[in-house]
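# sequence-free structure coming up:
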């Protein structure tokens, strides 16, 4: 019978997870978001606001920004990707596909990526997938599943 992990299980495996996947193996952070039309800053990492990335795939990325923007707006992103403990800066452009209000100071945007370093992005996606596979395998091993 399969069971989920309870808090005790999670606390017991936390050190193993940290040892096996590392806390800084693969990361991504959007530093700044600009409108290409007006060159206006739409969001930046700061003490007041964190650009939280919610999803990404081969051609899209979703994240929160502090300003409402219109669908179709062309934007520029300044991104830092951590691969093998190395900061890899990456610039990208994209088009806002949707903007949803989460609060009066946070909006979730979906961006279709247009111009970006495809090699770096592919390496990042592959590293994230490998990291996720390691975590899933470790959890199965801990729970005694095959």
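Structure's in. What do you need? Small disclaimer: the values here were computed from a predicted structure and weren't measured. Numbers count the residues shown, from 1 in each chain.
# tell me where the chain has helices.
Taking DSSP state H, the helices of the chain run over residues 7-21, 118-143.
# and those, which one is worst for confidence?
Ranked on mean pLDDT, the bottom entry among the helices of the chain is helix 7-21, at a mean of 50.
# once you drop chain neighbours, what's closest to the most centrally placed residue in the chain?
Geometric centre of the chain, nearest residue: residue 53, 4.2 Å, by Cα atoms, centre = their mean. The spatial neighbour of residue 53 that comes closest, neighbours along the chain excluded (Cβ to Cβ, 6 or more residues apart in numbering), is residue 63 at 4.6 Å. In short, each C-beta sits where N, CA and C put it, glycine included.
# wait, isn't that neighbour in contact with residue 107?
No: assessed by Cβ atoms under 8 Å, residue 63 is found out of contact with residue 107, at 9.7 Å.
# buried set for stretch 120-129?
Buried positions in stretch 120-129, judged by neighbour count with 16 or more other Cβ atoms under 10 Å: 120-121, 123-124, 127-128.
# show residues contacting it.
25-26, 28, 56-58, 81, 83, 88, 90, 113 (Cβ atoms under 8 Å, 6 or more residues apart in numbering).
# and that stretch, how far out from the chain middle?
11 Å (Cα atoms, centre = their mean, to the nearest Å).
# from residue 144, how far off is the residue nearest to the centre of the chain?
34 Å (Cβ to Cβ, to the nearest Å).
# and residue 103, how many residues sit next to it?
Counted with other Cβ atoms under 10 Å, the neighbours of residue 103 add up to 8.
# same check, this time on residue 73
18.
# so it touches residue 95, yeah?
Yes: with contacts counted by Cβ under 8 Å, residue 73 reaches residue 95, the gap being 7.2 Å.
# and stretch 137-146, which residues are buried?
Buried, per 16+ other Cβ under 10 Å, within stretch 137-146: 138-139.
# dump the residue contacts of the spatially closest residue to residue 96 that is not a sequence neighbour.
Nearest residue to residue 96, sequence neighbours excluded (Cβ to Cβ, 6+ apart): residue 73, at 4.5 Å. If you count contacts by Cβ under 8 Å, 6+ apart, residue 73 has them with 35-37, 95-96.
# what confidence value was assigned to residue 73?
For residue 73, pLDDT reads 97.
# do the same with the one 3 residues further on
If you check residue 76, the pLDDT there is 97.
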